[in-house]
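A.B. asks: I need the structure of the sequence given here:
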Amino acid sequence: MQRIALFAGSFDPVTNGHVDVVSKAVRLADRIVVLSRRPGRVREVVPIAMTRAERGDIGARGKLLALQSDLWSLIRSEAIDAEREVQHA
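C.D. replies: Here you go, the predicted model:
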């Protein structure tokens, strides 16, 4: 069974909880759907090109961290915009 994670653009300032969501999505899903902040639209579908069993291997750590970095690069600017909105609210 294929698992898909939906990862909405950050609506709140970035916290450790956001980092945890990205980390879990990369480990648990087969594809991750990244949504835009406003309006909520599909920005990109990121396939995870490793089996879940391979992701548990110590050698996969570098690949998983690279995937997390790729996901953050997709939402970084929107997370910064959300932070500014909260600071000026």
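
A.B. asks: Could you measure from Val42 over to Val34?
C.D. replies: Separation of Val42 from Val34 (Cβ to Cβ, to the nearest Å) stands at 7 Å. In short, each C-beta sits where N, CA and C put it, glycine included.

A.B. asks: Ala60 too?
C.D. replies: 21 Å.

A.B. asks: Between the two, tell me which one has more neighbours.
C.D. replies: Neighbours per residue (other Cβ atoms under 10 Å) separate Ala60 from Val34, with Val34 holding more: 20 against 16.

A.B. asks: Can you show me the CA trace of the host helix or strand of that one as PDB?
C.D. replies: In this assignment (DSSP states H and E), Val34 forms part of strand 31-35. Taking C-alpha atoms only, strand 31-35 is exported to PDB below (Å, rounded to 0.1, in the frame of the first residue of the first chain):
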ATOM      1  CA  ARG A  31       5.100  10.600  -1.900                       C
ATOM      2  CA  ILE A  32       4.800  14.000  -0.300                       C
ATOM      3  CA  VAL A  33       2.400  16.600  -1.700                       C
ATOM      4  CA  VAL A  34       3.600  20.100  -0.900                       C
ATOM      5  CA  LEU A  35       0.800  22.700  -0.800                       C
END
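
A.B. asks: Relative to the whole chain's centre, how far out is the helix or strand following it?
C.D. replies: Heading C-terminal from strand 31-35, the first helix or strand you meet, by DSSP H and E, is strand 42-47. Put simply, strand 42-47 sits 10 Å off its chain's centre (Cα atoms, centre = their mean, to the nearest Å).

A.B. asks: Please identify the buried residues of the host helix or strand of Gln68?
C.D. replies: Assessed by DSSP H and E, Gln68 sits inside helix 61-87. For helix 61-87, burial by neighbour count (16 or more other Cβ atoms under 10 Å) applies to Lys63, Leu64, Leu67, Gln68, Leu71, Leu74, Ile75, Glu78, Ala79, Ala82.
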